[in-house]
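> I would like to see how this sequence folds:
(chains A and B)
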Amino acid sequence: MGLPISQTLAPDGELVAAHDFSPEELRGFHRDLVLARRIDSEAYALQRHGELGLWAPMLGQEAAQIGSGRALAPNDFVFPSYREHAVAWCRGLDPALLLSLFRGTSLGGWDPAQYGYALPAIIIGAQTLHAVGYGIGLTLEGKEDAVVAYFGDGATSQGDTNEAFAWAASYNAPVVFFCQNNHYAISVPQERQTRVPIAQRAAGFGFPGVRVDGNDVLAVHQVTTEALAKARAGGGPTLIEAITYRMGAHTTSDDPSRYRDAHEADEWAERDPLLRLRLLLERTDPGFAEFDAEVQAEAEALGVHLRDVCRNLPDPDFAELFEHVYADMPPELVAQREEVRSWS
Amino acid sequence: MELSIGKALNAGLRAAMDDDPKVVLMGEDIGRLGGVFRVTDGLQKDFGDQRVMDTPLAESAIVGTAVGMAYRGFRPVVEIQFDGFVYPAYDQIVNQVARLRFRSGGTVQVPMVIRIPYGGGIGAVEHHSESPEAQFVGTPGLTVVTPSNAHDAFWMMRQAIASDDPVIFLEPKQRYWDTSEVRDEAGLGLHESRVARQGDDVTVVGYGPVIKTCLAAADEADASLEVIDLRSLSPLDLGPVMESVKRTGRVVVVHEASRTLGLGAELATRITQECFYSLEAPVQRVTGYDMPYPPCRVEHDHLPSVERILDAVDVTGEF
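Purely as a prediction, here's the structure:
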């Protein structure tokens, strides 16, 4: 219906639209994609070995996240859901920090202001409103920065998300709504959430929506860069629908074989976001093999780092947690903390 | 028949759907997947996708549209996937579901069951281990129940669906896989409490997931503990509690929810009012602490344990 799907790099590695990325930038995307996939596969393995309570795999969504994440400027701010591991990577978070949430040693783990990366929202869609409020704040301060809200196709049914759209339009907030349409909300296919392309909804709220091949890192980077530039220039919000596919389970607790056909995943494997850039670079970048070997070695080292850090993440001191409920501990809470301390 | 709590709930839902074509199920992932805890497993296959609906992802809409279905004469049984996800629906529950009978002078009823897997202990991420019962108990117009075993899971589900009042049906998710006997007769009404274990020295009152912990404490205690399973949190049936306290003079209330204004506060007040001259010690509480549910690696420091219950039992003996 109506809206075209932007694509620059086709699944077979052919360029189908113009771009102005330098050879170094293309290599950078390749490195990010490989390392992001390694973070994900390593965390998945750690969960399977009992080191993490849970993991939400992003396998298949790397290009949507790297393409958009690398379009951000240092002063921009991200409000993620719980699957944006590669965006976190782009913001400079040590992936080990993400593991603390899934190991259950922390509910946060980093200072959002340090990275321009908020604590992930598990309640679906809640973060979209936070992004709008942050954007209104930027406008009030006269800043020319932008904010990105990441969410999925399921979140587009939530009231919060639709309220965020309405508010962002009303305040002309500098927000990019980045929807990774990975086709499933756990078991529920996107058709249950929407009868029209998700991006098409934006028009009804009064701002543009665009669709992009979410497995094409170049096209994602291009559309996100445009949307961010527009937001910074006072042009208001944009909804980007990045069409991708959750190749793995919703989480390590999920069993997709109960609700989807294996053939579907096979078809999407042919559209693998890493494969097409590799094909392009193998064809056009004379030193690629050597560069790729370095990246693979770097991925190995990252894997070792993640395993080491994960196994050594300290459990929090339960008694200390009482100190973070309020700015100042009320007397009743002091008493409860003392009760806990009296055990040992 | 020996069943797990999860399978007993499934059997209760199935029996209710067999009995009444107006019973419909709505929720996220309840159909094809059978629910993330498989409580609705197989029901969509047998009753079709019009009676077992995989809804869009929106909790407020699940409850709000179920209100509309109730207006049309249906008996919706909705699933909120995890306890922490009920809050987006909280407005519909408190401002609409709970009040329609009152506003309409009884002409509109909302015979809705809102199923919520609740409580901690499963090593989950944030918002998956909450105990929100006090919020609902404090909302006039709602009823709130929670089974602790498979027999009650089956029969209370049947009674809840048959109830003409809205029922918040809290399912102790940590205990879904625990098996026990489901007998042929309900034995108790939906809003009756029961003595789970008889004893003489100290009365231990709990509900839902902590009943197992309370019974384990009774096994280990030097004193003889009487364990009472409330089953219904709103309305409360405190007859067996009062009868017990008048004999023991000592009470410990146990729940996972945080302490301040939890069920323990209400119980302590009513026990004090009714059993004042029998009490040998102040009512003790073993609860979650007054903090957001902690990271799961330390959740067992937060949850009531056998050790903490036994400590509280000892305290009641110091007076």
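> which bits of chain A sit near chain B?
With CB under 8 Å from any CB of the partner chain as the criterion, chain A comes near chain B at residues A:53-54, A:82, A:101-107, A:122-124, A:154-155, A:157-160, A:185-188, A:192-193, A:253-254, A:258-259, A:315-316, A:318, A:321-322, A:325, A:332-333, A:336, A:340. (Each C-beta comes from the backbone N, C-alpha and C, glycine too.)
> filter those down to the buried ones.
A:53-54, A:82, A:101-107, A:122-124, A:154-155, A:157-160, A:185-188, A:192-193, A:253-254, A:259, A:316, A:318, A:321-322, A:333, A:336, A:340 (16 or more other CB atoms under 10 Å in any protein chain shown).
> show me those residues that map onto strands.
When strands are assigned by DSSP state E, the members of those inside them are A:185, A:188.
> in what helix or strand does residue A:283 lie?
Residue A:283 is located in helix A:273-284, with elements delineated by DSSP states H and E.
> export only the CA atoms of that helix, formatted as CSV.
Extracted C-alpha coordinates of helix A:273-284, given in CSV (Å, rounded to 0.1, in the frame of the first residue of the first chain):
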residue,chain,number,x,y,z
PRO,A,273,21.6,-8.4,7.2
LEU,A,274,25.3,-9.4,7.5
LEU,A,275,25.4,-11.5,4.3
ARG,A,276,24.5,-8.7,1.8
LEU,A,277,27.2,-6.3,3.1
ARG,A,278,29.8,-9.1,3.1
LEU,A,279,28.9,-9.9,-0.5
LEU,A,280,29.3,-6.2,-1.5
LEU,A,281,32.6,-5.9,0.3
GLU,A,282,34.0,-9.1,-1.1
ARG,A,283,33.3,-7.8,-4.5
THR,A,284,34.3,-4.2,-4.2
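> and that helix, what does it pack onto?
For helix A:273-284, the contact count by 3 or more CB pairs under 8 Å, 6 or more residues apart in numbering or on different chains; DSSP states H and E identifies helix A:23-48, helix A:62-69, helix A:217-232, helix A:288-311 as packing neighbours.
> quick one: which of those is nearest residue B:167?
helix A:23-48 (36.2 Å; CB to CB).
> point to the residue nearest the middle of the chain.
No chain in the question, so chain A it is. A centroid search over chain A (CA atoms, centre = their mean) returns residue A:84, at 2.4 Å, as the residue closest to the centre.
> you looked at the wrong chain, it should be chain B
Taking CA atoms, centre = their mean, chain B has its central residue at residue B:146, 2.3 Å away.
> can you give me the helices in the stretch 101-250 of chain A?
Under the criterion DSSP state H, counting those that start in this stretch, helices of the stretch 101-250 of chain A are mapped to A:112-115, A:126-140, A:159-170, A:190-193, A:201-205, A:217-232.
> against residue B:93, how distant is the residue lying closest to residue A:249 once chain neighbours are set aside?
Beyond its immediate neighbours in the sequence, the residue positioned closest to residue A:249 (CB to CB, 6 or more residues apart in numbering or on different chains) is residue A:256, lying 5.2 Å away. Residue A:256 sits at a distance of 31 Å from residue B:93 (criterion: CB to CB, to the nearest Å).
> of these two, which one has the most company?
Between residue A:256 and residue B:93, counted using other CB atoms under 10 Å in any protein chain shown, the more crowded position is residue B:93 (27 against 19).
> ends of stretch B:250-264, how far apart?
From the first residue to the last, stretch B:250-264 extends over 14 Å; the measure is CA to CA, to the nearest Å.
> which parts of it are buried?
Buried, per 16+ other CB under 10 Å, within stretch B:250-264: B:250-260, B:262-264.
> ok, now which ones touch the nearest residue to residue A:69 once chain neighbours are set aside?
If the residues on either side of it in the chain are set aside, residue A:69 comes closest to residue A:90, at 3.0 Å by CB to CB, 6+ apart. Taking CB atoms under 8 Å, 6 or more residues apart in numbering or on different chains, we find residue A:90 in contact with A:32, A:65, A:66, A:69, A:70, A:72.
> can you rerun that using 10 Å?
For residue A:90, the residues meeting the contact criterion (CB atoms under 10 Å, 6 or more residues apart in numbering or on different chains) are A:32, A:36, A:65-72, A:78, A:84, A:115, A:117.
> try residue B:35
Residue B:35 neighbours (CB under 10 Å, 6+ apart): A:187, B:6, B:9-10, B:25, B:27-29, B:41, B:43, B:52, B:79, B:81, B:115, B:117.
> and what of residue A:333?
Neighbouring residues of residue A:333 by CB under 10 Å, 6+ apart: A:322, A:323, A:325, A:326, B:260, B:289, B:290, B:291.
> rewinding a little: can you tell me which of the contacts of residue A:90 lies nearest to chain B?
Checking these against chain B with CB to the nearest CB, the nearest one is residue A:84 at 14.8 Å.
> circling back: any idea how far residue A:148 is from the residue nearest to residue A:69?
Plainly put, residue A:90 is 11 Å away from residue A:148 if you go by CB to CB.
> which neighbours do these two share?
Looking at what touches both residue A:90 and residue A:148 (by CB under 10 Å, 6+ apart), the common residues are A:68, A:69, A:71, A:72, A:78, A:84.
> of these, which pair is most distant in space?
Greatest spatial distance among the shared contacts of residue A:90 and residue A:148 (CB to CB): A:71 and A:84, at 13.9 Å.
> give me the common contacts of those two.
With contacts defined as CB under 10 Å, 6+ apart, the residues adjacent to both residue A:71 and residue A:84 are A:90, A:148, A:178.
> got a list of what the nearest residue to residue A:157 once chain neighbours are set aside touches?
Nearest residue to residue A:157, sequence neighbours excluded (CB to CB, 6+ apart): residue B:56, at 3.7 Å. By CB under 10 Å, 6+ apart, the contact list for residue B:56 reads A:154, A:156, A:157, A:158, A:185, A:188, A:192, A:193, A:194, B:28, B:62, B:65.
> report the beta-bridge partners for the fifth one.
Note on residue A:185: beta-bridge partners residue A:188, judged by DSSP bridges.
> contact partners for it?
A:124, A:152-157, A:192-193, A:246, A:250, B:28-29, B:54, B:56-57.
> same question for the third one.
When the contact criterion is CB under 10 Å, 6+ apart, the partners of residue A:157 are A:124-125, A:185, A:188, A:192-194, B:28, B:55-58, B:61.
> what of residue A:160?
For residue A:160, the contacting residues are A:121, A:123-130, A:151, B:58, B:60, B:88, taking CB under 10 Å, 6+ apart as the criterion.
> can I get the contacts of residue A:157 in JSON lines with pLDDT and distance to residue A:96?
Converted to JSON lines, the contacts of residue A:157 look like this (pLDDT from 0 to 100; distance: CB to CB, whole Å):
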{"residue": "A:124", "pLDDT": "98", "distance to residue A:96": "26"}
{"residue": "A:125", "pLDDT": "98", "distance to residue A:96": "28"}
{"residue": "A:185", "pLDDT": "96", "distance to residue A:96": "28"}
{"residue": "A:188", "pLDDT": "95", "distance to residue A:96": "32"}
{"residue": "A:192", "pLDDT": "95", "distance to residue A:96": "36"}
{"residue": "A:193", "pLDDT": "96", "distance to residue A:96": "34"}
{"residue": "A:194", "pLDDT": "95", "distance to residue A:96": "36"}
{"residue": "B:28", "pLDDT": "98", "distance to residue A:96": "31"}
{"residue": "B:55", "pLDDT": "98", "distance to residue A:96": "37"}
{"residue": "B:56", "pLDDT": "98", "distance to residue A:96": "35"}
{"residue": "B:57", "pLDDT": "98", "distance to residue A:96": "30"}
{"residue": "B:58", "pLDDT": "98", "distance to residue A:96": "34"}
{"residue": "B:61", "pLDDT": "98", "distance to residue A:96": "38"}
